[in-house]
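>>> using only what follows, build the 3D model:
(one chain, ligands or ions: 1)
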Amino acid sequence: MTSWENVSSWYDKIVGKEGHYYHRRVIFPNLFRLMALEEAKKPKLLDLACGQGILARCLPPNVKYVGVDISPTLIRSAKKENRSHQFIKGDVSEKLPLDQNDFTHAAVILALQNIENPLRTLKNACKHLKKGGRLFLVMNHPCFRIPRQSAWDIDRKKQIQSRRIDRYMSPLKIPIRANPAKGEKSATTYSFHHPLSDYFKWLSDAGFAVETMEEWCSDKKSTGKAAKMENRARKEFPLFIAIAAIKL
Ligand SMILES: C[S@@+](CC[C@H](N)C(=O)[O-])C[C@H]1O[C@@H](n2cnc3c(N)ncnc32)[C@H](O)[C@@H]1O
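I've put the predicted structure just below:
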């Protein structure tokens, strides 16, 4: 089990009331397009590893919502900001204290890579969805963003910024310092790296058929001397991957 309790106030601050820059600009607009909640008669969404419930705050009012997270502080913050939805403290890779099995949608946003047992998490999502219900995963792109094992490589002569990947196929448990300036005193979370094929296999093992996969780039723009090279690299290397799957 990997608690975010020790970094909850830091995460609460960076996400803020409206969501992180990438939540607002890249993830939610694309996610809502994929989810097509407006097409469901009675949309009901299960948000696994919901953090402080930022997704709940952005939903249309007719969507019923349950969020689950392991961090009591983030769940408290979620409840404070959003009284109309249900939030539960729990480990999403274990049996959930939830008896509803009729969700039309489920989501794991920027969180599956923080969970030690992704397969059990996907099985849980499957269990609580109704047949034909849809699951949405949004992750840091595992092919290009592997903490400590990927970085920008700059060729000044050619003016090319490329992505260097040091490891990819090996599963890795990578400590992440919330405040790198504090060194060893910084609170730590863990990121679990797996190659992309593992996620497709686990989805299938958990009872899903993959519907679609998208790769989302940053919409930021550089200015200054290196702008051309940086803007090109940003469009070549996606930050996020989204996978939509259907419960069979
Ligand atoms: C990067 S945050 C993302 C939160 C939220 N989905 C968002 O987009 O802001 C990762 C979250 O995963 C939660 N988490 C990690 N392991 C978990 C587990 N086993 N069960 C439930 N939540 C977990 C953490 O507490 C944290 O809130």
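>>> tell me the strands beside the longest strand along the chain, with direction?
Determined from DSSP state E, the single longest strand within the chain is strand 129-140. Applying DSSP bridges, strand 129-140 is found paired with strand 103-109 (parallel), strand 240-247 (antiparallel).
>>> avg pLDDT for it?
Averaged over strand 129-140, pLDDT sits at 98.
>>> now the element after that strand, going C-ward?
Note on strand 129-140: by DSSP states H and E, the next helix or strand toward the C-terminus is strand 150-155.
>>> what are the buried residues along that following strand?
Neighbour-count burial for strand 150-155, counted by 16 or more other CB atoms under 10 Å, picks out 150, 154. Every residue, glycine included, has its C-beta placed from N, CA and C.
>>> is any residue of the longest strand of the chain near the ligand?
No - with CB under 6 Å from any ligand atom as the criterion, the ligand is not reached by strand 129-140; the gap is at least 7.8 Å.
>>> what sits up against that strand?
Residues outside strand 129-140 that contact it (CB atoms under 8 Å, 6 or more residues apart in numbering) are 27, 31, 34-35, 46, 101-110, 112-113, 122, 125-126, 199, 203, 208, 211, 239-248.
>>> that one: how far from the chain's middle?
12 Å (CA atoms, centre = their mean, to the nearest Å).
>>> repeat that for stretch 132-141.
The mean C-alpha position of stretch 132-141 is separated from the chain mean by 8 Å, CA atoms, centre = their mean.
>>> can I get that stretch in CSV? Just the C-alpha atoms.
Provided in CSV are the C-alpha atoms of stretch 132-141 (Å, rounded to 0.1, in the frame of the first residue of the first chain):
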residue,chain,number,x,y,z
GLY,A,132,-21.0,-2.3,-20.9
GLY,A,133,-19.8,0.3,-18.4
ARG,A,134,-16.7,2.2,-19.5
LEU,A,135,-13.4,2.7,-17.7
PHE,A,136,-11.0,5.6,-18.4
LEU,A,137,-7.4,5.6,-17.5
VAL,A,138,-5.2,8.7,-17.8
MET,A,139,-1.5,8.2,-17.0
ASN,A,140,1.8,9.9,-17.5
HIS,A,141,2.9,8.4,-20.8
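>>> who are the contact partners of the residue most central in space within the chain?
Residue closest to the average C-alpha location in the chain (CA atoms, centre = their mean): residue 110, at 1.5 Å. Residue 110 sits next to 27, 138, 139, 140 when contact means CB under 8 Å, 6+ apart.
>>> quick one, which of the contacts of strand 129-140 are buried?
27, 31, 34-35, 46, 103-110, 112-113, 122, 125-126, 199, 203, 208, 239-247.
>>> of the residues you listed, which are in range of the ligand?
Counting by CB under 6 Å from any ligand atom, 109, 110 from the buried ones among the contacts of strand 129-140 sit close to the ligand.
>>> circling back to that earlier point, report the buried residues of the longest strand of the chain.
Buried residues in strand 129-140 (16+ other CB under 10 Å): 129, 133, 134, 135, 136, 137, 138, 139, 140.
>>> for the residue located most distally from the centre of the chain, helix, strand, or coil?
Computed with CA atoms, centre = their mean, the residue of the chain farthest from its C-alpha average is residue 157, at 36.6 Å. Classification of residue 157 using DSSP: H, G, I helix; E, B strand; the rest coil returns coil.
>>> gap between residue 192 and the ligand?
Separation of residue 192 from the ligand (CB to the nearest ligand atom, to the nearest Å): 10 Å.
>>> good, we can wrap up now.
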